[in-house]
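Trainee: what's the 3D shape of this:
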Amino acid sequence: MLTSSAARPAHAQSWLICLDLQRDYVVPGRPRYSAANTEVAATCARVLDLARDEGWRIVHSQFRSEAARPWPRELFAAPIEGLRPLISEPVYFRPGLSAFTNAGFAAALRCARGADVFLIGFSLVDTCLATVLAGVDEGVSLTLVEDAIGASEDLAATDVARAILKPFVQFASSRRLMSRRLEVIH
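Mentor: Residues are numbered from 1 along each chain as shown. Model prediction:
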């Protein structure tokens with residue numbers, strides 16, 4: 001799906017899906033924390049900056065349990081500093097693993113059919129996996145920015161998730177996205 005802007009129709013706008021860019025993943029001691037997530041968050045920030053600079057359509061999805069306690073859950077559910085959604089970027093709170101469990105998100109992403117749609121965030125073994133597979137059912141083709149996706153500390157689970165996703169999704173590095181940007185400039 002990585003194509004130059006010359007190969008895409010002029011009206012095709014790239015999209016960026018930001019999954020669970022929340023503090024719970026980067027605060028030591030939290031259940032979803034992994035030391036590698038700090039670098040993943042930094043890479044997410046670079047990709048998000050690129051998308052904003054290029055005028056991509058950016059949507060955020062966060063899990064919100066109906067049973068969530070207001071404190072201290074809210075503190076850790078807050079966006080990671082530097083990854084906060086802009087007022088122009090919708091945030092869809094979902095009840096399930098897949099971002100498509102939010103009807104508004106699903107409706108918005110139907111407009112992305114045929115466009116380049118990139119995904120960053122957390123967590124490969126559940127949320128990303130479920131969202132990609134639901135996207136396939138919706139006719140949306142996704143590219144995972146692999147170094148901007150937080151994976152499980154369980155390497156076997158991560159390998160299984162990648163194997164499941166391989167037939168359905170493209171993988172790209174943030175470096176490839178940045179070089180794509182340079183290709184468009186020249």
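Trainee: Now the helix ranked longest in the chain: buried residues?
Mentor: If you go by DSSP state H, the chain has its longest helix at helix 37-54. Neighbour-count burial for helix 37-54, counted by 16 or more other Cβ atoms under 10 Å, picks out Asn37, Val40, Ala41, Ala42, Thr43, Cys44, Ala45, Arg46, Val47, Leu48, Leu50, Ala51. In short, each C-beta sits where N, CA and C put it, glycine included.
Trainee: now stretch 134-143
Mentor: For stretch 134-143, burial by neighbour count (16+ other Cβ under 10 Å) applies to Ala134, Gly135, Glu138, Val140, Ser141, Leu142, Thr143.
Trainee: Within its sheet, name the partner strands of the longest strand anywhere in the chain and how each one runs.
Mentor: When the chain is scanned for its longest strand (criterion: DSSP state E), the result is strand 142-150. If you go by DSSP bridges, strand 142-150 pairs up with strand 117-122 (parallel), strand 170-172 (parallel).
Trainee: Could you pull out the buried residues of that strand?
Mentor: Leu142, Thr143, Leu144, Val145, Glu146, Asp147, Ala148, Ile149, Gly150.
Trainee: What segments of this protein are helices?
Mentor: Using DSSP H, helices in the chain cover 37-54, 73-77, 103-110, 129-138, 155-165, 174-185.
Trainee: closest to Gly55 among the buried residues of stretch 134-143?
Mentor: Checking the buried residues of stretch 134-143 against Gly55 by Cβ to Cβ gives Thr143 as the nearest, at 17.9 Å.
Trainee: Can you check the pLDDT for that closest one?
Mentor: pLDDT recorded at Thr143 is 95.
Trainee: Thought Val117 was touching it, still the case?
Mentor: Yes: here Thr143 reaches Val117: they are 6.8 Å apart, a contact under Cβ atoms under 8 Å.
Trainee: From Ala130, how far out is Pro167?
Mentor: Between Pro167 and Ala130 the computed distance is 16 Å (Cβ to Cβ, to the nearest Å).
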